[in-house]
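*Asks:* Give me a 3D structure for the following:
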Amino acid sequence: EGEKPPELNKETSAPPENNPAQILKPDVKRDNKSTTRVPSTPGARRLAKHLGVDLSDVNPTGPRGRIIEADVRGFHELSNALDDQASFGLPDPVESKKLDGMRGSIARHMKESLSSTAQLSFFLEIDVTEAQSLRRELKVGLPILLMKASAEAIKRVPKINSVLQNNQVSYFDQIDIGFAVALDDGLIVPVIRSVQEMSVSDISSNVETLTRMSREGTLSTDDVVGGTFTISVLGVVDGFTPILNSGQSALLGIGRSVEKPIVKNKEIVIREMMTISLTVDHQVIDGAVAAAFLRRFQQLIERPGGLE
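*Replies:* Residues are numbered from 1 along each chain as shown. Here you go, the predicted structure:
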């Protein structure tokens, strides 16, 4: 509407060079193809069929507003250039790789997760000073205590331990926690079963074994499926918004811990603080439930004596 009608050209004329606006129609919706017959030459229709081009997407530049072969060819070439991101000022790539293998699998799962859930992230800064002291005493890493605290918090807020599949929400007493392990070509999430029954020492032993197997490539399918909750540790940033594992309703992201001045009991003191982020599927988990989990998790970490 409001566009200048195309000027009349001969069948052999080419569309204006490097002018996407005259080749591609604005606001094209490729998933809703028109069934109306588009004025076009026989040659243009044959070429469009051969190249898989929908004529309703192409702007005509031929006589009497018809689409000609040059229009179809130009549309096809420009579409490919846009899809491949190989035009419009990009430098020549040093290397190009197909998105397949582990990287391709991760990409598919991440897109599926985002497209099928209503993801919402909550952030909270917690004091890990006492937890750091306890984990040194127990000779374990801080993520081990965080996993133990997660299981204990889930016991108090069991709606967190849920999975949405086929429009049905399932809740579980058994807490199976996956934890992200970074590899050279991506990451993998092995799962520890029945964490609610484990001691800190048991969790540490399982994490060590599954991490080694992840890096050796010896995990079985059973080792990486069926988690009900996930923890992802990224200790070089203050906070991040982790993407849910497909089906799960919650994932806890762990940022770095840093010493900083805070106000405690009306005094300025130096404490070791950490930002955590909880991503939930808002289809299943409301803000009040997420807040209750974070509050209980914070209590357990800031007073960690009960985690031993």
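
*Asks:* low-scoring pLDDT stretches of the stretch 151-300 of the chain, where are they?
*Replies:* By pLDDT under 70, the stretch 151-300 of the chain has no low-scoring segment.

*Asks:* Run through the helices of it in chain order.
*Replies:* For the stretch 151-300 of the chain, the helices defined by DSSP state H, counting those that start in this stretch occupy 200-216, 287-302.

*Asks:* Return the distance of the shortest one from the chain's centre.
*Replies:* Helix 287-302 has its average C-alpha position 24 Å from the chain's average C-alpha position, going by Cα atoms, centre = their mean, to the nearest Å.

*Asks:* The nearest residue to residue 289 once chain neighbours are set aside and residue 58, how far apart?
*Replies:* Of all residues not flanking residue 289 in the chain, residue 159 sits nearest, at 5.1 Å (Cβ to Cβ, 6 or more residues apart in numbering). Using the backbone N, CA and C atoms, a C-beta is placed for each residue, glycine as well. Residue 159 is 52 Å from residue 58, where distance means Cβ to Cβ, to the nearest Å.

*Asks:* cool, residue 80 as well?
*Replies:* For residue 80, the distance to residue 58 - Cβ to Cβ - is 14 Å.

*Asks:* Who has more neighbours out of the two?
*Replies:* residue 58 (26 against 12; other Cβ atoms under 10 Å).

*Asks:* State the phi and psi torsions of the more buried one.
*Replies:* Note on residue 58: its backbone torsions stand at phi -100, psi 140 [degrees, to the nearest 10].

*Asks:* so how far is residue 46 from it?
*Replies:* 14 Å.

*Asks:* again, but for residue 245
*Replies:* For residue 245 relative to residue 46 (Cβ to Cβ), the value is 48 Å.

*Asks:* Equivalent analysis for residue 222, please.
*Replies:* Taken as Cβ to Cβ, the span from residue 222 to residue 46 is 54 Å.

*Asks:* neighbour count winner among these two?
*Replies:* Neighbour tally, residue 222 and residue 46, criterion other Cβ under 10 Å: the higher count belongs to residue 46, 13 against 10.
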